[in-house]
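# could you look at this predicted model? Sequence included:
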Amino acid sequence: QVQLVESGGGLVQAGESLRLSCAASRRTVGTKPMAWFRQAPGKEREFVAVLSSGGDITDYADSVKGRFTISRDNGKNTLYLQMNGLQPEDTAVYYCAFDPSRGYHGSDPTYYTNWGQGTQVTVAS
């Protein structure tokens with residue numbers, strides 16, 4: 001079982017930036033699609049961004065396009081989410097996950113069977 005550990009969350013003011021990191025316990029980054037999801041209080045978990053195993057395909061939720069960037073460092077076995085222009089509606093627990101199945105399934109959460117414990121992001125207005 002791959003362990004995923006998120007970090008980098010915190011409390012920021014609207015308009016500021018954060019970079020989240022997701023460290024994997026063994027070689028995972030660059031071998032399978034990995035994604036970020038988030039869950040706000042009282043809401044369902046929602047897709048944020050995904051990066052294909054080859055690194056050539058990315059996809060973002062409409063609400064974060066142009067503000068968030070997903071990337072990875074294969075050597076460090078770490079996935080990142082750069083978040084710029086944060087807004088109060090971005091407040092949520094952010095989770096990273098990877099899809100161990102064959103193929104690329106984009107934003108469909110049912111294929112992501114390995115999840116981290118999450119990191120809290122709070123954006124004050």
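Perfect, I can see it now. Numbering: from 1, shown residues only.

# tally of neighbours for residue 10?
13 (other Cβ atoms under 10 Å). C-beta here means a position set from N, CA and C on the backbone, and glycine is covered the same way.

# in terms of helices and strands, where is the residue nearest to residue 78 when sequence neighbours are not counted?
Leaving aside its sequence neighbours, residue 78 sits nearest to residue 23 (Cβ to Cβ, 6 or more residues apart in numbering; 5.1 Å). Per DSSP states H and E: residue 23 is located in strand 18-24.

# next secondary structure element downstream of that strand?
strand 34-39.

# partners of that following strand, with directions?
Here strand 34-39 is paired, per DSSP bridges, with strand 46-51 (antiparallel), strand 92-98 (antiparallel).

# tell me which other helices or strands the helix or strand bottoming out on mean pLDDT in the chain touches.
Across the helices and strands of the chain, mean confidence by mean pLDDT, DSSP states H and E is lowest for strand 114-115: a mean of 88. Strand 114-115 is packed against strand 92-98, with contacts defined by 3 or more Cβ pairs under 8 Å, 6 or more residues apart in numbering; DSSP states H and E.

# try 10 Å
strand 4-7, strand 92-98 (3 or more Cβ pairs under 10 Å, 6 or more residues apart in numbering; DSSP states H and E).

# need those strands in CSV (columns: mean pLDDT and distance to residue 48).
As requested, the helices and strands packed on strand 114-115 are arranged in CSV below (pLDDT from 0 to 100; distance: least, Cβ to Cβ, whole Å):
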stretch, mean pLDDT, distance to residue 48
strand 4-7, 96, 12
strand 92-98, 96, 7
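
# so for this protein, the centremost residue is which one?
In the chain, the residue lying closest to the centroid (Cα atoms, centre = their mean) is residue 36, at 2.2 Å.

# coming back round to it: tell me the most buried of the helices and strands packed on strand 114-115?
strand 92-98 (a mean of 23; mean count of other Cβ atoms under 10 Å).

# run the angle between it and strand 18-24 for me.
Going by axes from the mean of the first three to the mean of the last three Cα atoms, to 10 degrees, strand 92-98 is angled at 40 degrees with respect to strand 18-24.

# the strand holding residue 23 pairs with which strands, and in what direction?
Here, using DSSP bridges, strand 18-24 pairs with strand 4-7 (antiparallel), strand 78-83 (antiparallel).

# all set, thanks.
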